[in-house]
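Q: heads up, no residue letters with this:
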């Protein structure tokens, strides 16, 4: 068979065909902008079709993807059972309760499930997809997530290598492009919101492939505001074509005046069909309790009026300007004896004690303001805390030894490295079970952001010693207030999302950060770190003096099975221990 020497049509030829067709796609008859039209051979070029105007039709990208080089035919809606494997592990109690509710509603209306970080949302979504595919109700799954790191987590959880979850063959953007067919050997794909935005027509094609019934799962659905770019793309791709839509979120949120796509709401609050909160997860032992370790001390800074201020975290009644300056100084100034250094040093000592006690891969996360700040923190840790450079996951690279952010997270998860320094990359949805500590060196002050960061250390692991998470944070009253309300059910308003481009990557920039304005008019002069108190989600509280006494007691007795903060909290329930510890205040060292 002789093939035409010319393979493709010119844009001018395609434009002419589009005009003759009435500016609509020749197959689906939708009014599609010319920028999304493609010139197609009516008789496929591979079958001898000529590249001529008589053999040309202008069709949209989604129709072209479906058509390929063969005639369209309805696919079998039932996927091969060889591609699916159920989990051998029992469901958690909340998952078992939520399953019949969700399965009874999917296919009739969009469903929202809210389960706190660490509770097992990913497995729940996979269980829903597995059951529907096994019963023949769906034949395709598209999972939409905020980042590549989270996409890796879904793909990893759905693979046969991960126990405790069903096996589903899901593609990712690392080895698949939206312009390519998914393939019969795959149930579906995990994609990012940005990829959906960039290739909306392609995902419309995948969703509406003839004969297919597609389940769409939105992870952290609050990113898809109905009036924002990601939300508009989600509606265009899935509103009419998806068989069912399941939305998942780790935090309760309010929609305010800006609705979220496919999310039911009432009086401005999202209304999940099933909610599983952090306080219930602690009771069920589905999540770790968390200890919050305060860092106190004095901060000295100069403001735009050239006035120098010294403010401690014990000062009360300070103005809002001094309160903002105090927190900014505490997290920005990284020097010898500083508040930030004390937090980093104490957190590292805690990880070392966990590793000595058997948790050999215990790890910590430092959350920073921006990439410049992350670079300074990593450099200080290398020279003063660790004697080697921690892993850095940031959207802008500062060191030739740093991999790109998504790969840095993926490699860190599988390694034994003790520390990772990040900005926004390790927050919602990123599953690194060996994380045991977070150092809060960021100006993110929204309750939603705070809970997402704390959520990195709540994933339970019964094999670990003393299984609880720990967060080191400046003793700013606003941060402490959010920490003390961490188990409360509060509907949160997602910050607005701004899409910016850094080279070929799309970055998310959220509002809610303090101190971003007028950065050049503020100068940090110094900070001096001091011992702070500690409290936990079980309602226990130990003041700074008791923690200092516990530290002295451990040093004098040579104890290795505990740490000062845990010992001080234990004294809440042991009056004799408390008396022994406080008695050390009166004794010389």
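A: Arrived safely. What you see is a predicted model; the values in this text were computed from it and never measured. Residues are numbered from 1 along each chain as shown.

Q: going forward, measure contacts between C-alpha atoms and count neighbours the same way
A: Fine.

Q: so what does the longest helix along the chain touch, helix or strand wise?
A: Ranked by residue count and defined by DSSP state H, the top helix of the chain is helix 339-356. Judged by 3 or more CA pairs under 8 Å, 6 or more residues apart in numbering; DSSP states H and E, the packing partners of helix 339-356 are strand 290-302, helix 320-332, strand 363-367, strand 435-440, strand 469-474, strand 523-536.

Q: From the rest of the structure, what touches stretch 49-63?
A: 3-4, 6-9, 13-15, 17-18, 21, 24-28, 32, 36-43, 45, 201-206 (CA atoms under 8 Å, 6 or more residues apart in numbering).

Q: element containing the residue lying closest to residue 568 once chain neighbours are set aside, please.
A: Counting by CA to CA, 6 or more residues apart in numbering, residue 568 lies nearest to residue 547, which is 5.3 Å off, once chain neighbours are set aside. Element membership for residue 547, per DSSP states H and E: helix 544-557.

Q: which stretches of the stretch 101-250 of the chain have low pLDDT?
A: For the stretch 101-250 of the chain, applying pLDDT under 70 flags the ranges 161, 210.

Q: how about residue 487, what does it touch?
A: Contacts for residue 487 were tallied using CA under 8 Å, 6+ apart; they are 277-279, 537.

Q: so who does residue 89 touch?
A: Contacts of residue 89 (CA under 8 Å, 6+ apart): 163-165.

Q: Which one of the residues you listed sits in the busiest neighbourhood?
A: Tallying neighbours with other CA atoms under 10 Å puts residue 165 at the head of the contacts of residue 89, with 26 neighbours.

Q: nearest spatial neighbour of it, skipping sequence neighbours?
A: The shortest distance from residue 165 to any non-neighbouring residue, by CA to CA, 6+ apart, is to residue 87 (4.9 Å).

Q: is it true that the one you found touches residue 162?
A: No: using CA atoms under 8 Å, residue 87 makes no contact with residue 162, being 9.7 Å away.

Q: Of those two, which one has the most company?
A: residue 87 (18 against 13).

Q: residue contacts, the more buried one?
A: Counted by CA under 8 Å, 6+ apart, residue 87 has contacts 163-167.

Q: can you rerun that using 7 Å?
A: Residue 87 is in contact with 164-166, counting by CA atoms under 7 Å, 6 or more residues apart in numbering.

Q: Next: residue 299.
A: 310-312, 326, 329-330, 526-528.

Q: Next, count neighbours for residue 404.
A: Using other CA under 10 Å, residue 404 has 14 neighbouring residues.

Q: re the thing from before, so which of the contacts of residue 89 comes closest to residue 414?
A: residue 163 (15.6 Å; CA to CA).

Q: Look up how far residue 368 lies from the closest one.
A: Distance of residue 163 to residue 368, computed by CA to CA, to the nearest Å: 33 Å.

Q: now the contacts of residue 89 in a markdown table, with secondary structure and distance to residue 297?
A: Shown next, in a markdown table, are the contacts of residue 89 (DSSP: H, G, I helix; E, B strand; the rest coil; distance: CA to CA, whole Å):
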| residue | secondary structure | distance to residue 297 |
| --- | --- | --- |
| 163 | coil | 46 |
| 164 | coil | 45 |
| 165 | coil | 46 |
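
Q: which of those lies closest to residue 152?
A: residue 165 (14.9 Å).

Q: how near is that closest one to residue 328?
A: 43 Å.

Q: Check which element follows the helix holding residue 547 along the chain.
A: Following helix 544-557 in sequence order, the next helix or strand is helix 564-570 (DSSP H and E).

Q: what's in contact with that following helix?
A: 534, 540-542, 546-547, 550-551.

Q: Just the buried positions in stretch 431-448, please.
A: Across stretch 431-448, burial judged by 16 or more other CA atoms under 10 Å covers 431-444, 446-448.

Q: what's the answer for stretch 469-482, then?
A: By 16+ other CA under 10 Å, the buried positions in stretch 469-482 come out as 469-476, 479-480, 482.

Q: Now do the end-to-end distance for it.
A: Across its full length, stretch 469-482 reaches 16 Å end to end, with CA to CA as the criterion.

Q: Kindly report the same for stretch 51-64.
A: 16 Å.

Q: quick one: buried residues of that stretch?
A: So, applying 16+ other CA under 10 Å, buried residues of stretch 51-64: 51, 56-64.

Q: Quick check: end-to-end length of stretch 189-206?
A: Start-to-end, stretch 189-206 (CA to CA) is 10 Å.

Q: so how far is that stretch off the chain centroid?
A: 19 Å (CA atoms, centre = their mean, to the nearest Å).

Q: And for stretch 334-345?
A: Offset of stretch 334-345 from its chain centre (CA atoms, centre = their mean): 27 Å.

Q: so how many other residues sit close to residue 103?
A: Residue 103, neighbours per other CA under 10 Å, totals 16.

Q: helix, strand or coil for residue 9?
A: Secondary structure for residue 9, judged by DSSP: H, G, I helix; E, B strand; the rest coil, is coil.

Q: pLDDT score assigned to the closest residue to it other than its chain neighbours?
A: For residue 9, ignoring the flanking residues on the chain, the nearest one in space by CA to CA, 6+ apart is residue 39 at 5.9 Å. For residue 39, the pLDDT comes out at 90.

Q: What about residue 39, how many residues nearby?
A: Look at residue 39: counted by other CA under 10 Å, it has 24 neighbours.

Q: The one 3 residues further on too?
A: As a burial measure, residue 42 scores 15 neighbours (other CA under 10 Å).

Q: got the contact list for it?
A: Applying CA under 7 Å, 6+ apart to residue 42 gives the contacts 55-57.

Q: Kindly indicate which of those residues lies nearest residue 118.
A: Nearest member of the contacts of residue 42 to residue 118, counting by CA to CA, is residue 57, at 51.1 Å.

Q: strands paired with the helix or strand hosting the closest one, and their directions?
A: In the assignment (DSSP H and E), residue 57 maps to strand 56-60. Strand 56-60 pairs in its sheet with strand 37-41 (antiparallel), by DSSP bridges.

Q: gap between the strand it pairs with and the chain center?
A: With CA atoms, centre = their mean, you get 39 Å for strand 37-41.

Q: for that strand, which positions count as buried?
A: For strand 37-41, using 16+ other CA under 10 Å, the buried residues are 37-41.

Q: So what touches it?
A: Contacts for strand 37-41 (CA under 7 Å, 6+ apart): 9, 14, 49, 51, 55-61.

Q: Among those, which one sits closest to residue 131?
A: Nearest to residue 131 out of those is residue 61 (CA to CA; 31.7 Å).

Q: if we can go back for a sec, now, the most widely separated pair of the buried residues of strand 37-41?
A: Using CA to CA, the buried residues of strand 37-41 reach their maximum pairwise distance at 37 and 41, which is 13.1 Å.
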